[in-house]
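Participant: Just need the structure, nothing else, for what follows:
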Amino acid sequence: MAAKSVGRPRSFDEDVALRHATALFWEKGYAATSLDDLLAAMGIARSSFYSTFGSKQKVLWAALALYTDELVGRMRAAAAAEPTPRRALAAVLAIAGCSVRPSQGCLFVNIATELAPTDAEVRRIAQDYLGEVDRLFTSLLRGCGFAARRASSGSAALMALTTGAVTLRKAGAPEARVRAMLDVAARMLDRETDREE
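Facilitator: Take a look at the predicted model:
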């Protein structure tokens, strides 16, 4: 006797739908994205949306977690591909400071600015992401020869710098100029390393 079917099989790819939602939030922000906008972008019916994702807010949380996880993964992969800590640091700085879409900026910065003051889950995701980036920067700075305390303060400075860099890119600054700024910062770090020695 055949087993009884438990509900209808899902007729859409959840990961693809989430990526479409991520792109829409990146383009419009959270408040300006209506539920109808979201359903159209994700290509799913309202009933499927609620049964799979639950709410617009929960889709946003999943989209932000996906974005930040993948961004950290790109940074770690870029660092691992370089032969020296100094070159790894430069590669990570380029990703952290230039991972934007022209005129749309960085999804993380956009959503954190819009919602972190009022949304505890956005704050948690943001803090997790910033912690990962801080640990990566600190580790790379230690590899470049910085003492523990200087590596920690240097990481904080780099995080502020890269956040400023993505804001400049959103405001229209050419990528080449932003990359040059990040390169100057890396060269200044070289001089700081010399002082440590």
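
Participant: First-to-last residue distance for stretch 165-181?
Facilitator: Stretch 165-181 has an end-to-end distance of 8 Å (criterion: Cα to Cα, to the nearest Å).

Participant: Ok, stretch 23-36 next?
Facilitator: 15 Å.

Participant: Sketch out the low-pLDDT regions of this protein for me.
Facilitator: 1-10, 99, 102, 190-197 (pLDDT under 70).

Participant: where's the residue nearest to the spatial centre of it, which helix or strand?
Facilitator: In the chain, the residue lying closest to the centroid (Cα atoms, centre = their mean) is Thr68, at 3.5 Å. In the assignment (DSSP states H and E), Thr68 maps to helix 56-80.

Participant: Any buried residues in that helix, and which?
Facilitator: Neighbour-count burial for helix 56-80, counted by 16 or more other Cβ atoms under 10 Å, picks out 56, 59-68, 71-72, 75, 78-79. Yep, even glycine has a C-beta here, placed from its N, CA and C like the rest.

Participant: ditto for stretch 20-37
Facilitator: 20-22, 24-30, 33, 37.

Participant: Just the residues contacting it, thanks.
Facilitator: 38, 41-43, 46, 49, 56, 59-60, 62-64, 66-67, 101, 104, 107, 110-111, 114-115 (Cβ atoms under 8 Å, 6 or more residues apart in numbering).

Participant: Repeat that for stretch 103-116.
Facilitator: Stretch 103-116 has contacts (Cβ under 8 Å, 6+ apart) with 22, 25-27, 29-31, 60, 63-64, 67-68, 71, 99-100, 122-123, 126, 129, 163, 166-167, 169-170, 172.

Participant: 6 Å instead, please
Facilitator: Residues outside stretch 103-116 that contact it (Cβ atoms under 6 Å, 6 or more residues apart in numbering): 26-27, 29-30, 64, 67-68, 100, 122-123, 126, 166, 170.

Participant: returning to that earlier point: just checking, what packs against the helix holding Thr68?
Facilitator: helix 14-28, helix 85-98, helix 107-115, helix 120-143 (3 or more Cβ pairs under 6 Å, 6 or more residues apart in numbering; DSSP states H and E).
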